[in-house]
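Novice: need coordinates for the below:
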Amino acid sequence: MYNFYLYLILLAIISPFAAFNRNKILKKIKVQNEIVFISSAILVIFIIFQIVSKTDIIPKNIDNDTIKYLIINSILASFSLYLGGMILSRENVFRFKALQKPVYLIVLVIIACCFYHETFNLKIIIGVILLIIGSYLIDSNINCLLYTSDAADDSL
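Specialist: Predicted coordinates:
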């Protein structure tokens, strides 16, 4: 039973909890150590899932192009995990998560139009402008709150 919106909402609920947990973890260990641990845990969990569901761990009909894309995707995922960890270890989690999706959407629109020949119309332009305005407002509000709380902490 696949329901796009249900899955999307579940991911939206899980993501902030994962980010706050990761922020706590990264205060105690290096980004590389966290990535190794989490990746190992994911590997074990999904190997167990594959064994229980009696599915091939490595598909027999995998071709060279798929292997090439898997390698590229592994490198990109590793780089993304590392950069995300660096940001989470140095920034406010709320600020990172609040700005992450709008920036992703804006970059996605640019890449989709430039490389994948997706149509670029007035609705997309308005949407990108609203994302930029919303991101600016959220970021300026978060910065204002951070400076206010820092000043309150300093006065104690």
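Novice: regarding this structure, what is its longest helix?
Specialist: Determined from DSSP state H, the single longest helix within the chain is helix 122-155.
Novice: packing partners of that one?
Specialist: helix 93-115 (3 or more C-beta pairs under 8 Å, 6 or more residues apart in numbering; DSSP states H and E). Quick note: C-beta positions are derived from backbone N, CA and C, even for glycine.
Novice: the helix it packs on versus helix 122-155: what angle between them?
Specialist: Going by axes from the mean of the first three to the mean of the last three C-alpha atoms, to 10 degrees, helix 93-115 is angled at 160 degrees with respect to helix 122-155.
Novice: so which elements touch helix 93-115?
Specialist: Right, helix 93-115 is packed against helix 4-26, helix 64-90, helix 122-155 by 3+ C-beta pairs under 8 Å, 6+ apart.
Novice: return the set of buried residues in the shortest one.
Specialist: Judged by neighbour count using 16 or more other C-beta atoms under 10 Å, the buried positions of helix 4-26 are 19, 22-23, 25-26.
Novice: do stretch 126-137 as well
Specialist: 128, 131, 135.
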